[in-house]
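> need a structure here:
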Amino acid sequence: MSQDLSLHQRRRPPTEEELQGIPWLGLLQPSERERAMAALLVGDARAGDYVCRVGRPVTYWFGVVEGLLKMSSDNAQGQTMTFTGVPPGGWFGEGTALKREPYRYNIQALRRSTVAGLPIDTFHWLLDHSIGFNRFVMNQLNERLGQFIAAREIDRMNNPDVRVARSLASLFNPVLYPGVGEVLRITQQELAYLVGLSRQRVNEALSALEAQGTIRVEYGGLRVLDLASLRSSVIPS
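Numbering: from 1, shown residues only. Below is the predicted model of the structure:
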């Protein structure tokens, strides 16, 4: 029966361990944190589940506790454009939540993921009452702007190796995705979905980056050895 329930219907209170994975809770005053914790819910998304869909009204501000999501949109020709991935620790949609406007993008789980949601009214209450929360949201907006400027640059790159390098670097942003650390749990197929290349071509790019000493491919993921080089990667053809 649970397999037939929507992600919205599978909401539940977060566990103590899940609460510890929410980066902005520690920035709140005790009364603010108590209110936020009472309102927070989590859902266990299956691969392919949509967390947000284009045109739907915003009801929560979302974050990834565990797993991997992708942000994308479909153009007039029916082609899907992927903007970014959202790994653990990442919270997204603050601009949409601030304006209370319908979503302009889709957010979909690439694998089984635990997604937290803060109700939109609690989000705005914290904006009105918490300096720590305001600073967190402002930092998010600032980093997000830089991320999407970089994404536009990546879209114009013809070198697939550089596309993979820069896309990987964006997933290791310590401000937007503090839960990642030095190892990103991602498969080559998942990375291919995010970058817009074939799995085989992603494999070649990862091999080139590993030969440079920028990353190390490990079981179940990737370890960054030199983030600065990954961000400024220019790989000869």
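> Do a quick rundown of the helices in the protein.
Ranges of helices within the chain are 16-20, 30-39, 94-99, 120-129, 131-155, 160-171, 188-195, 199-212, 227-231, based on DSSP state H.
> can you count the residues close to the closest residue to residue 140 other than its chain neighbours?
Nearest residue to residue 140 in three dimensions, chain neighbours excluded: residue 94, at 5.3 Å (C-beta to C-beta, 6 or more residues apart in numbering). Backbone N, C-alpha and C define where each C-beta goes, glycine included. Residues lying near residue 94 (other C-beta atoms under 10 Å) number 18.
> What separation is there between residue 94 and residue 62?
Relative to residue 62, residue 94 is positioned 10 Å away (C-beta to C-beta, to the nearest Å).
> quick one: low-confidence parts of the protein?
For the chain, the stretches flagged by pLDDT under 70 are 1-5, 75-79, 149-157, 233-237.
> wait, the residue nearest to residue 140 sits on residue 63?
No. Look at residue 94 against residue 63 with C-beta atoms under 8 Å: they stay out of range, at 10.2 Å.
> For the most centrally placed residue in the chain, which residues are in contact?
Central residue of the chain (C-alpha atoms, centre = their mean): residue 86, 1.4 Å from the mean position. Shown in contact with residue 86 (C-beta atoms under 8 Å, 6 or more residues apart in numbering): 64, 68-71, 92, 107, 177.
> of all the helices of the chain, which gets the most neighbours per residue?
Comparing the helices of the chain by mean neighbour count (mean count of other C-beta atoms under 10 Å), helix 160-171 ranks first with a mean of 23.
> Let me know how buried the residue nearest to residue 68 when sequence neighbours are not counted is, in neighbour terms.
In space, and not counting its chain neighbours, residue 68 is closest to residue 110: 4.7 Å by C-beta to C-beta, 6+ apart. Number of residues near residue 110 (other C-beta under 10 Å) recorded here: 21.
> Wait, residue 110 touches residue 72, no?
No. Proximity of residue 110 to residue 72 does not meet the contact threshold set by C-beta under 8 Å, at 10.6 Å.
> how close does residue 136 sit to residue 59?
On the measure of C-beta to C-beta, residue 136 and residue 59 end up 20 Å apart.
> circling back: what sits against the residue nearest to residue 140?
Counted by C-beta under 8 Å, 6+ apart, residue 94 has contacts 61, 137, 140-141, 144.
> and the helices of the chain as CSV, adding distance to residue 221?
Output for the helices of the chain, formatted as CSV (distance: least, C-beta to C-beta, whole Å):
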stretch, distance to residue 221
helix 16-20, 20
helix 30-39, 30
helix 94-99, 27
helix 120-129, 31
helix 131-155, 21
helix 160-171, 11
helix 188-195, 10
helix 199-212, 11
helix 227-231, 15
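> Ok, which of these comes nearest residue 48?
Closest approach to residue 48 among those (C-beta to C-beta): helix 188-195, 11.5 Å.
> Which secondary structure elements does that closest one sit against?
strand 80-86, helix 160-171, helix 199-212 (3 or more C-beta pairs under 8 Å, 6 or more residues apart in numbering; DSSP states H and E).
> redo that, cut-off 6 Å
helix 160-171, helix 199-212 (3 or more C-beta pairs under 6 Å, 6 or more residues apart in numbering; DSSP states H and E).
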